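# Show me the folded form of this:
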Amino acid sequence: MLKEKYTVNNPSGLHLRPATIFSQEVSKLSSDIVIHYKDKSVNPKSVLMLMAAGISKGAEIEIEVKGDNEEADLQKIIELLDSGLGE
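Purely as a prediction, here's the structure:
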């Protein structure tokens, strides 16, 4: 299992549009993924759970990845977040 902290840079955080893109892309990954934010732990493969977390710009999240491809999957997640997710 790998864990990494990340600060969300999107101007509006993970609202509907970027959350949808993020959820669709991480759903393609084989690892089990959990995003920890404040007192919530959510599965980012569910756009509704991701949105319910209320992750805003500047929020520090912890990404937890577990699986056979966890290193590559964690790298992909970081690349997705760094891309701005369409913003």
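
# who does the helix ranked longest in the chain touch, helix- and strand-wise?
What stands out as the longest helix in the chain, according to DSSP state H, is helix 70-83. In terms of contacts (3 or more C-beta pairs under 8 Å, 6 or more residues apart in numbering; DSSP states H and E), helix 70-83 is packed against strand 2-7, helix 16-26, strand 60-66. No exception for glycine: its C-beta is placed from N, CA and C like everyone else's.

# Pull the residues that contact the shortest one.
Residues from elsewhere that reach strand 2-7, judged by C-beta atoms under 8 Å, 6 or more residues apart in numbering: 58-66, 70-71, 74, 78, 81.

# Reformat the residues you listed as CSV; add neighbour count and distance to Tyr6.
Converted to CSV, the contacts of strand 2-7 look like this (neighbours: other C-beta atoms under 10 Å; distance: C-beta to C-beta, whole Å):
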residue, neighbour count, distance to Tyr6
Gly58, 10, 11
Ala59, 17, 9
Glu60, 12, 7
Ile61, 21, 5
Glu62, 13, 8
Ile63, 20, 6
Glu64, 18, 11
Val65, 23, 12
Lys66, 13, 17
Glu70, 18, 15
Glu71, 12, 15
Leu74, 21, 10
Ile78, 13, 7
Leu81, 19, 6
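
# All set now, cheers.
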